[in-house]
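Undergrad: Take this sequence and fold it.
(2 chains)
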Amino acid sequence: MLRFIGLRLLQSIPVMLVIITGTFFMQRFVPGGPFTAERAVTPEVQRNLAAYYHLDDPLWKQYTDYLWDLCPKAFHPSALENGPDLKAAFGIDFRPSFKYPNRTVNEIIADKLPVSIELGAYSLAFALVFGVSLGVFAAVRRNSWIDYICSSAAMTGICVPTFVMGPLLVLAFAIHLHVFNASGWYGPIDRVLPCLTLGSVYAAYIARLTRGGLLEILSQDFIRTARAKGASEARVIFRHALRGGLLPVVSFLGPATAGILTGSFVIETIFQIPGLGREFVNSAFNRDYTLVLGTVILYAALIVIMNLVVDIIQVCLNPKLKFE
Amino acid sequence: MPEPEAQVRVGSAPPEALDEGHSLWSDAWRRLRRNRLAFFGGCVLAVLAVLCAFGPIFSQSYREIHLDLGATPPSSAHWLGTDDLGRDLFSRILFGGRISIMVGLVATFVALVIGVTYGAIAGFVGGKTDALMMRIVDILYALPFTIFVILLMVFFGRNIFLLFFAIGAVEWLTMARIVRGQVLSVKRMEFIEAARTLGLGRRRIIFRHIIPNVLGPVIVYTTLTIPAVMLLEAFLSFLGLGVQAPMSSWGVLIKDGADKMEEFWWLLVFPGGIFSLTLFSLNFLGDGLRDALDVRAAKD
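TA: Numbers count the residues shown, from 1 in each chain, chains lettered A, B, ... in the order given. Predicted coordinates for the structure are as follows:
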């Protein structure tokens, strides 16, 4: 298993390199730069700014410099000025931001990422708990009215997009019923509507996948054997069927994480949440080169890691699979 | 393993179906008509498409600004109310629908062309080429594509042709996988062997026997790609990255409505409702087609 993880991480290096290279050059080959929107500045100031951020270097040098800085300092110890320091040695330096004076991209990420992680984690947890329960109910009571209600609820979740559902929930529960705040991210109660909105789509997909997976398992011989041996229905479902029935859900977790990451851009806009998603979209508009690169690298790394975790869980759950 | 639903369907097939010959397509059509939800979805889509295509020709009121009128709730003169510039919301929805549906169709077509070509080449050629091509698809799957589309739209301006291409370039991956898998499995089937034994030419085998058998999954998955594409377009428009101001799409209208919903609820509820209804119909139709054409490969 360790070999599998190592191999996968090794494979992800070229993938990350493609992402970094693509983003880096895409930003540079378009008109406009981080300082074009600024009030008119004298040519000297512009030159100084460009020199300070090394924008006057040739592009390939900026690129290799960026990659060199990105590499943890442990691999090029000469960059460690203040003696050995674990955090500096193994941390990744995303450089200062272009648009926020005196702040590094690392600081901005440290500031905003926890909010986005919290939003994403609660949403995913809600989606899993709610989706799996709906799916199990629907599968156990197949073709009954419970099944139809669960299945239509799932279809609704899939077809009402988050950017319709979110404002509608705000309209109903915040503006008319005054149960929640319409926006903001202060108390625990402010977590409810955003996470509900973001999680609903994935809850819906998970419910459908659980139902389908469970139905397929329930028709198999070993389930009949378990029933014949007198196992209770609950034991059959939870102990025997769910393990295999949840496999499609587990393989869906990779795409779901990616979707929740990008979905948070919209949710953070709707509910005015100070997370990294909104920051990313703004940074793209602002041409904040380093901040865009930093967030893209972070998101890509998160997705790669999540896919790896999903693959490991899959092998653990499914005895037919092996670590290749 | 046999799927329980498939078994039930075979068992309950009416005996007279065996009397006369039925092609795959007439069978599928019969099954689709019997699926009420799918049929309903198809009808809704047809009505919406006709309204969006021809509605704006007869009424130009989506452009007429009546500042003195302002935003009015739904009434007999303006069925779905007016926005704060006094424009008729119903006309605006129809006009926005043109863009949304067009994006859905064109971007899906782009994805279809790329995906089918790529998957078919991988499936036909097979061997090492196939392994390499599919490895590339696996890697591309892991990329955060939506993020790239956002960056593309920000950097290169909100050009609608770029939008088609960017969304199409994102959505072709699954199509390529499905087509490749289907081509591989059909290629090895006995009736292809039989056709070859009968002395049929390569071209005839491809066009007469392989393509019709790959078509089913492609049609099903295309129907399911259209809502995904429309969703992505609306998502981008909601972030202010999709269709630009003189044009509008359902995503733009929803964004407008969400900004003004505190005073004018109808600006959010109706565009959002119509958009969701369209997604519902497309998904029901896609599911119905999947059952009708008995496609199981589309699961992954």
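Undergrad: now residue 191, nearest residue through space, not along the chain?
TA: Picked chain A for this. In space, not counting the residues next to it along the chain, A:R191 is nearest to A:Y122; the distance is 5.9 Å by CB to CB, 6 or more residues apart in numbering or on different chains. Where C-beta positions appear, they are placed from N, C-alpha and C, glycine not excepted.
Undergrad: my question was about chain B
TA: B:H209 (6.9 Å).
Undergrad: For the one you found, give its distance to B:M189.
TA: Noted for B:H209: a distance of 9 Å to B:M189, by CB to CB, to the nearest Å.
Undergrad: quick one, which of those two is more surrounded?
TA: A direct count of neighbours by other CB atoms under 10 Å in any protein chain shown for B:H209 and B:M189 places B:H209 higher, at 18 against 13.
Undergrad: can you pull the contacts of the more buried one?
TA: B:186, B:191-192, B:195, B:200 (CB atoms under 8 Å, 6 or more residues apart in numbering or on different chains).
Undergrad: out of those, who's nearest chain A?
TA: When the contacts of B:H209 are ranked by distance to chain A (CB to the nearest CB), B:V186 comes first, at 23.9 Å.
Undergrad: pretty sure that closest one belongs to a helix, no?
TA: Yes. According to DSSP: H, G, I helix; E, B strand; the rest coil, B:V186 belongs to a helix.
Undergrad: residues contacting it?
TA: Shown here is B:V186, whose contacts under the criterion CB under 8 Å, 6+ apart are B:192, B:209-210, B:213-214.
Undergrad: Mind checking which of those residues land in strands?
TA: If you go by DSSP state E, the contacts of B:V186 have nothing in strands.
Undergrad: Just the buried ones from these?
TA: Taking 16 or more other CB atoms under 10 Å in any protein chain shown as the criterion, what is buried in these is B:192, B:209-210, B:213-214.
Undergrad: Could you dump those into CSV with pLDDT added?
TA: Rendered in CSV, the data for the buried ones among the contacts of B:V186 read as follows (pLDDT from 0 to 100):
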residue, pLDDT
B:I192, 85
B:H209, 82
B:I210, 82
B:N213, 81
B:V214, 84
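Undergrad: Okay, and A:G32 sits in which element?
TA: Taking DSSP states H and E as the criterion, A:G32 maps to no regular element, lying outside all helices and strands.
Undergrad: do the one 3 residues further on as well
TA: In this assignment (DSSP H and E), A:F35 forms part of neither any helix nor any strand.
Undergrad: count of residues packed around it?
TA: Per other CB under 10 Å, the neighbour tally for A:F35 reads 16.
Undergrad: how near is it to A:D65?
TA: With distances taken as CB to CB, A:F35 is found 19 Å from A:D65.
Undergrad: Which phi and psi values does A:P96 adopt?
TA: A:P96 adopts backbone torsions of phi -70, psi 150, taken as degrees, to the nearest 10.
Undergrad: does any bit of the host helix or strand of B:V269 sit next to chain A?
TA: Here B:V269, judged by DSSP H and E, is contained in helix B:266-293. Yes. Contact check for helix B:266-293 against chain A, using CB under 8 Å from any CB of the partner chain: residues in range are B:268-269, B:272, B:275-276, B:279-280, B:283-284.
Undergrad: and stretch A:117-134, average pLDDT?
TA: Averaged over stretch A:117-134, pLDDT sits at 93.
Undergrad: got the contact list for it?
TA: A:150, A:153-154, A:191, A:194-196, A:198-207, A:209-211, A:246, A:249, A:256-257, A:260-261, A:264, A:267-268, A:273, A:275.
Undergrad: let's see it at 6 Å
TA: Stretch A:117-134 is touched from outside by A:150, A:191, A:194-195, A:198-199, A:202-203, A:206-207, A:210, A:260, A:264, with contacts defined as CB atoms under 6 Å, 6 or more residues apart in numbering or on different chains.
Undergrad: Could you single out the nearest of those residues to A:D56?
TA: Comparing those against A:D56 with CB to CB picks out A:S264 as the nearest, at 36.3 Å.
Undergrad: For A:N181, give me phi and psi.
TA: Note on A:N181: backbone dihedrals following degrees, to the nearest 10 are phi -80, psi 150.
Undergrad: Pull stretch A:99-111 out as PDB, backbone CA atoms only.
TA: The C-alpha atoms that make up stretch A:99-111 are tabulated as PDB, following Å, rounded to 0.1, in the frame of the first residue of the first chain:
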ATOM      1  CA  LYS A  99      -2.800  43.200  -5.200                       C
ATOM      2  CA  TYR A 100      -2.600  43.100  -1.400                       C
ATOM      3  CA  PRO A 101       0.400  45.200  -0.400                       C
ATOM      4  CA  ASN A 102       2.600  43.600   2.300                       C
ATOM      5  CA  ARG A 103       0.800  40.300   2.300                       C
ATOM      6  CA  THR A 104       2.100  37.000   1.000                       C
ATOM      7  CA  VAL A 105      -0.200  34.500  -0.800                       C
ATOM      8  CA  ASN A 106       0.600  32.100   2.100                       C
ATOM      9  CA  GLU A 107      -0.900  34.500   4.600                       C
ATOM     10  CA  ILE A 108      -4.000  35.100   2.500                       C
ATOM     11  CA  ILE A 109      -4.500  31.300   2.100                       C
ATOM     12  CA  ALA A 110      -3.900  30.700   5.800                       C
ATOM     13  CA  ASP A 111      -6.600  33.400   6.500                       C
END
